[in-house]
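Participant: test case, fold it:
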Amino acid sequence: MNTQLNHEAMADASNHFARCTSRTWPGSLRRLGLADYASTWRAMREFTDSRSADTPDELWLLEHPPVYTYGVAGRAEHLPRGDTGIPVIKSDRGGQVTYHGPGQSIAYTLIDLRRAGLTVRGLVERLEQAVLDLLQDYGVHGTRREGAPGIYVGGAKVAALGLRIRGGYSYHGLSLNVDLDLGPFAAIDPCGYPGLAVTRLRDLGVVESAAGVGECLLHHLIEQLSRP
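Facilitator: As a prediction, the model looks like this:
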């Protein structure tokens, strides 16, 4: 995996985490920088397959180079139309097709659901709430949508969720559009919804790096995952 965040970006991220964090967490935090999708996915599977009841949970914060991914039930009609030049990977997460690219903050949540006392729905709700709380920090009002996991602002999707549960352990997680190029979404039906609008924090008045936003996202994820 490529972890080439420059020193300035790393310092910015560290400052944001120090500013945001108010709670310790017994798990591990991994900041992977710009990381290839396929190798990151493989690493998540290997971690999940090798963990035991004593293995600490992990949160991975990263960005991906341009890539389309779709879940196990992904339908061909939602996939990219025409030759975009962007790789398309069928993943083992839930959900339909989405796009990842630089400028998008991604948090992968490798959680022991039984130890955390969470159902899959409970985990989804906490991940969504973390994004809602983050948006509130920036003065942005986000909403949920019944039957369509993720977070929306003014009807446009700003954060997407996709999880895999294996043996009671979760992996994959959520992506938050910060300052990425939204153009590639036009070639797909985002999350399987033709015509679904997508947005990013930059267009909502948030002038911030994906790394900086990601650190505050980690804070809110820790807050939510630490709840009894």
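
Participant: and the strands in this structure, which stretches?
Facilitator: Along the chain, counting by DSSP state E, strands occupy 28-34, 58-63, 67-70, 88-90, 98-100, 104-110, 151-153, 156-166, 169-177.

Participant: the fourth one pairs with which strands?
Facilitator: When sheet partners are counted by DSSP bridges, strand 88-90 sits next to strand 67-70 (parallel).

Participant: contact partners of the partner strand?
Facilitator: 37, 78-80, 84, 86-91, 93, 95-101, 162, 184, 188 (C-beta atoms under 8 Å, 6 or more residues apart in numbering). To be clear about C-beta, it is placed using only N, CA and C from the backbone, and glycine gets the same treatment.

Participant: test my guess that L204 contacts V153.
Facilitator: Yes - with contact defined as C-beta atoms under 8 Å, L204 reaches V153; the gap is 6.1 Å.

Participant: between these two, what contacts are shared?
Facilitator: Contacts common to L204 and V153, judged by C-beta under 8 Å, 6+ apart, are V140.

Participant: tell me where the longest helix sits in the chain.
Facilitator: helix 120-137 (DSSP state H).

Participant: now do it, average pLDDT.
Facilitator: Computed over helix 120-137, the mean pLDDT rounds to 98.

Participant: which residue packs closest to the residue sitting furthest away from the middle of the chain, ignoring adjacent ones?
Facilitator: With distances taken from the mean C-alpha point of the chain and given as C-alpha atoms, centre = their mean, the most distant residue is G82, at 26.2 Å. Sequence neighbours aside, A187 is the residue nearest to G82 in space, at 6.4 Å (criterion: C-beta to C-beta, 6 or more residues apart in numbering).

Participant: check the gap between that neighbour and G122 for me.
Facilitator: 34 Å (C-beta to C-beta, to the nearest Å).

Participant: looking at those two, which is more packed in?
Facilitator: Taking neighbours as other C-beta atoms under 10 Å, A187 and G122 compare with A187 leading, 16 against 13.

Participant: residues in contact with that one?
Facilitator: A187 neighbours (C-beta under 8 Å, 6+ apart): 80-82, 84.

Participant: ok, and the most crowded of these?
Facilitator: Neighbour-wise, the contacts of A187 (other C-beta under 10 Å) top out at P80, 18 neighbours.

Participant: and for it, nearest residue in space, chain neighbours not counted?
Facilitator: A187 (4.4 Å).

Participant: circling back: just curious, which of the contacts of A187 is nearest to Y171?
Facilitator: Proximity of these to Y171 (C-beta to C-beta) peaks at P80, which lies at 24.6 Å.

Participant: doesn't V88 make contact with the closest one?
Facilitator: Yes - in this structure, P80 is within contact of V88 by C-beta under 8 Å, at 6.2 Å.

Participant: pull the contacting residues for L135.
Facilitator: Per C-beta under 8 Å, 6+ apart, neighbours of L135: 141-142, 151, 153, 158.

Participant: if we use 7 Å, what do you get?
Facilitator: By C-beta atoms under 7 Å, 6 or more residues apart in numbering, the contact list for L135 reads G142.
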